[in-house]
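Novice: Sequence and computational prediction follow.
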Amino acid sequence: MKLVQVWSHKDGDHLVIVNVPWWHQLAENTTNTLFCPCHGFTGWLSKKSDKVEGFFYSIWNNLIGKLYNHEKELFKVPIESACVASVAIYGDDGFCFRDNCEVHPQEPGE
């Protein structure tokens with residue numbers, strides 16, 4: 001299966017097409033549901049203690065890293081802004097993790 005992704009890196013942003021195995025999306029969703037310290041039961045536990053949050057982050061990062069090792073990069077082109085590209089491709093729900101995002105400006109106090 002081929003996926004279009006937007007990568008934001010310190011060396012520049014890229015629009016990438018990758019080939020992933022058929023089971024990749026199911027494994028990624030399962031990993032995010034069970035181990036991501038932001039959601040569900042693990043999120044609730046993570047709020048109770050920094051050690052628990054660190055434990056779940058380490059498990060989650062290791063599993064996601066192993067999943068991404070199965071991706072094969074087919075095409076990669078530099079782009080000006082990952083945030084603008086995410087919104088153009090995925091709509092207003094496009095992810096942007098930048099503090100100085102030009103598309104999703106932060107309100108004072110957030």
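Specialist: Here it is on my side, so go on.
Novice: use CA for all of it now, contacts and neighbours both
Specialist: Noted.
Novice: by contact count, what packs against the longest helix along the chain?
Specialist: The helix spanning the most residues in the chain, taking DSSP state H as the definition, is helix 50-68. For helix 50-68, the elements it packs on are helix 24-35, helix 40-48, judged by 3 or more C-alpha pairs under 8 Å, 6 or more residues apart in numbering; DSSP states H and E.
Novice: Quick one: closest of those to N61.
Specialist: helix 24-35 (9.2 Å; C-alpha to C-alpha).
Novice: Now do the buried residues in that closest one.
Specialist: H24, T31, N32, T33, F35 (16 or more other C-alpha atoms under 10 Å).
Novice: any low-confidence regions in this structure?
Specialist: Filtered on pLDDT under 70, the chain yields the residue ranges 92-110.
Novice: quick check, W22 in a strand?
Specialist: No: W22: not assigned to a strand; according to DSSP: H, G, I helix; E, B strand; the rest coil it is coil.
Novice: Run through the residues that contact it.
Specialist: Taking C-alpha atoms under 8 Å, 6 or more residues apart in numbering, we find W22 in contact with M1.
Novice: distance of Q5 from Y90?
Specialist: Between Q5 and Y90 the distance is 10 Å, computed by C-alpha to C-alpha, to the nearest Å.
Novice: Which one's more surrounded, those two?
Specialist: Counting neighbours by other C-alpha atoms under 10 Å for Q5 and for Y90 shows that Q5 has the greater number, 16 against 10.
Novice: quick check, that one in a helix?
Specialist: No: note on Q5: no helix contains this position according to three-state DSSP, which reports strand.
Novice: Write down the beta-bridge partners of the nearest residue to it once chain neighbours are set aside, one by one.
Specialist: Leaving aside its sequence neighbours, Q5 sits nearest to V16 (C-alpha to C-alpha, 6 or more residues apart in numbering; 5.2 Å). According to DSSP bridges, Q5, K76 are recorded as the beta-bridge partners of V16.
Novice: since we're on V16, how many residues are nearby?
Specialist: V16, neighbours per other C-alpha under 10 Å, totals 17.
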